[in-house]
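A.B. asks: Fold the stuff below for me.
(one chain, ligands or ions: 1)
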Amino acid sequence: MKRRVFAALLIGSAVGGSLRLAAETSNEVKILAMKFDFTPDTVKAKVGQPMTLVLTSMDRIHGFKMPDFGIRTDILPDQETRVTITPQKAGSFTFFCDIFCGDGHEEMNGTLVVEA
Ligand SMILES: [Cu+2]
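C.D. replies: This is a model prediction of the structure:
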């Protein structure tokens, strides 16, 4: 499963070189969701700096919930769902899948690390 994600990332960067550059300058972070992981599962941010999470599912519908930011959305297969946040305080904040997606669902989480 991990291997499939890696292949997809490689293809994405091969066809989207200029897109990727644009994404970096506008502070977008892509997060792939699939049973039962977010990739990457640790995302860094800076206090006061807006960032956009670009969420895509590789298999089925998942959820994305980050209670500290009052955020929840569905993550749909082969579609980009964008969530823009501006962290106001430093710390580590958990996000997780809130749509039951199978036996490993409870483990499907990640961390947003906000630095001052
Ligand atoms: Cu799930």
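A.B. asks: helix or strand for the most centrally placed residue in the chain, which one?
C.D. replies: The chain has I31 as the residue nearest its centroid, 2.8 Å off, counting by Cα atoms, centre = their mean. Taking DSSP states H and E as the definition, I31 sits inside strand 28-34.
A.B. asks: Up against the ion, what does this structure have?
C.D. replies: C97, C101, H105, M108 (Cβ under 5 Å from the ion). Using the backbone N, CA and C atoms, a C-beta is placed for each residue, glycine as well.
A.B. asks: For those residues, please prepare a markdown table with the additional fields neighbour count.
C.D. replies: Shown next, in a markdown table, are the residues of the chain next to the ion (neighbours: other Cβ atoms under 10 Å):
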| residue | neighbour count |
| --- | --- |
| C97 | 25 |
| C101 | 19 |
| H105 | 17 |
| M108 | 23 |
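A.B. asks: and of those, the nearest to P40?
C.D. replies: Relative to P40, the closest of the residues of the chain next to the ion is M108; by Cβ to Cβ it sits at 13.4 Å.
A.B. asks: distance of the closest one from T39?
C.D. replies: Distance from M108 to T39, counting by Cβ to Cβ, to the nearest Å: 11 Å.
A.B. asks: anything in contact with each of the two?
C.D. replies: Jointly contacting M108 and T39 under the rule Cβ atoms under 8 Å, 6 or more residues apart in numbering are A33.
A.B. asks: Pull the distance from stretch 45-52 to the chain's centre.
C.D. replies: Put simply, stretch 45-52 sits 14 Å off its chain's centre (Cα atoms, centre = their mean, to the nearest Å).
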